[in-house]
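K.L.:
show me the folded form of this:
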Amino acid sequence: MIYAELIQAMNAGRRDPGGCTPPVVDAVRAGGEEARLTVNAILGWEIRHGRRAGPGDESAVMELRAGLVAGMGAAGAKG
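P.N.:
Modelled structure (predicted):
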């Protein structure tokens, strides 16, 4: 799933910023590992900004996602 599809799926129902609702879980399950990483970044971004992410927030969310992935790689390298 691409960012826009994830946002649409996550916001299918009422949801507070950073809230993990059944539509969010369904989006993660449908999209696999890549979607999980993006959803984690979306939720983190939302908590930080106090609002739900939208299409215009994609670049900031994807920057946060890249940081998450880099951090995971660094943690894995340390063993």
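K.L.:
so what's residue 47 up against?
P.N.:
17-18 (Cβ atoms under 8 Å, 6 or more residues apart in numbering). The way it works is simple: take the backbone N, C-alpha and C, and place the C-beta from them, glycine included.
K.L.:
secondary structure class for residue 20?
P.N.:
coil (DSSP: H, G, I helix; E, B strand; the rest coil).
K.L.:
again, but for residue 13
P.N.:
With three-state DSSP as the criterion, residue 13 reads coil.
K.L.:
residue 52 versus that one, what's the distance?
P.N.:
Separation of residue 13 from residue 52 (Cβ to Cβ, to the nearest Å) stands at 12 Å.
K.L.:
more crowded one of these two?
P.N.:
residue 52 (18 against 10; other Cβ atoms under 10 Å).
K.L.:
can you verify my assumption that the more buried one contacts residue 61?
P.N.:
No: in this structure, residue 52 is not within contact of residue 61 by Cβ atoms under 8 Å, at 11.2 Å.
K.L.:
please report how far residue 66 lies from residue 41.
P.N.:
For residue 66, the distance to residue 41 - Cβ to Cβ - is 8 Å.
K.L.:
could you export the helix or strand bottoming out on mean pLDDT in the chain as CSV, CA atoms only?
P.N.:
Every helix and strand of the chain was ranked by mean pLDDT, DSSP states H and E. The lowest is helix 58-78, at a mean of 88. The C-alpha trace of helix 58-78 is given here as CSV (Å, rounded to 0.1, in the frame of the first residue of the first chain):
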residue,chain,number,x,y,z
GLU,A,58,3.6,12.6,3.3
SER,A,59,7.2,13.9,3.0
ALA,A,60,7.5,14.6,6.7
VAL,A,61,6.1,11.2,7.6
MET,A,62,8.4,9.4,5.1
GLU,A,63,11.4,11.3,6.6
LEU,A,64,10.4,10.0,10.0
ARG,A,65,10.0,6.5,8.5
ALA,A,66,13.5,6.7,7.1
GLY,A,67,14.8,7.5,10.5
LEU,A,68,12.9,4.5,12.0
VAL,A,69,14.4,2.2,9.4
ALA,A,70,17.9,3.6,9.9
GLY,A,71,17.6,3.2,13.7
MET,A,72,16.5,-0.4,13.2
GLY,A,73,19.5,-1.1,11.0
ALA,A,74,21.9,0.5,13.6
ALA,A,75,20.3,-1.5,16.4
GLY,A,76,20.6,-4.7,14.4
ALA,A,77,24.2,-4.0,13.6
LYS,A,78,25.0,-3.7,17.3
